[in-house]
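Novice: Here is a sequence with its predicted model. Questions after.
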Amino acid sequence: MIATSYLKKMLILLIIGLLGVSTLVRADWKHITRGGDTGFDVYGNPSSIRKDGNLVKMWSIKDYDNFQNSGEIEYLSTKTLEEYDCKGELTRQIAISVYADNMAGGQIVHANEKVGIWRPVSPESVGEVIFKFACSKH
């Protein structure tokens, strides 16, 4: 009886601790915008921003309302490292990980670390909102 009560208390403390850690993990992610026909929110991590002259790198998460499909891959979020040329208004992808669960959680179902080519930031797009967020911290 005493052992059962002790185990219940320990389980409750463990759950509270895990919820606290989850909150801390998400604390660095700031909501940037909502967008897309598929329904998603974009979060940026200001503490991940790295500057080098006019160039800025930042991690972001696209968190989808519903499962997305790409070939045989089904996912709910992506975590991307982008590089921005704040003066030239250009962007390129450095790395991306695709996750089974929301907020870059669960199993990584795909990853790519091939550096993309520089592309102009599309006006009035979700990409432009992310670009402005990253470069405003510059």
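Specialist: Structure received.

Novice: What residues are bridge-paired with residue 112?
Specialist: Per DSSP bridges, the residues bridged to residue 112 are residue 96.

Novice: Going forward, count from 222.
Specialist: Sounds good: first residue 222 from here, last item residue 333.

Novice: how close does it sit to residue 265?
Specialist: When distance is defined by CB to CB, to the nearest Å, residue 333 is 20 Å away from residue 265. Heads up, the C-betas are built off the backbone N, CA and C, glycines and all.

Novice: If we go by neighbour counts, what in the strand ranked longest in the chain is buried?
Specialist: The single longest strand within the chain, with elements called by DSSP state E, is strand 276-291. Residues 276-285, 289 are the ones in strand 276-291 that count as buried (16 or more other CB atoms under 10 Å).

Novice: give the contact list for the residue sitting nearest the centre point of the chain.
Specialist: By CA atoms, centre = their mean, the chain has its centre lying nearest to residue 282, at 1.9 Å. Residue 282 sits next to 250, 263-264, 266, 298-301, 324-325 when contact means CB atoms under 8 Å, 6 or more residues apart in numbering.

Novice: for the buried residues of strand 276-291, which one is nearest residue 329?
Specialist: residue 282 (13.1 Å; CB to CB).

Novice: what's near enough to touch the closest residue to residue 251 other than its chain neighbours?
Specialist: Nearest non-adjacent residue to residue 251, counting by CB to CB, 6 or more residues apart in numbering: residue 265, 5.6 Å away. By CB under 8 Å, 6+ apart, the contact set of residue 265 is 250-251, 253, 279-281, 351, 354-355.

Novice: which SSE is the closest residue to residue 336 other than its chain neighbours in?
Specialist: Using CB to CB, 6+ apart and skipping the chain neighbours, the partner closest in space to residue 336 is residue 315 (5.6 Å). According to DSSP states H and E, residue 315 maps onto strand 311-322.

Novice: Residue 305 too?
Specialist: Following DSSP H and E, one finds residue 305 within strand 294-306.

Novice: which outside residues touch that strand?
Specialist: 275-285, 287-289, 311-327, 330-331, 339, 342, 351-352, 355-356.

Novice: So which bits of it are buried?
Specialist: Across strand 294-306, burial judged by 16+ other CB under 10 Å covers 296-306.
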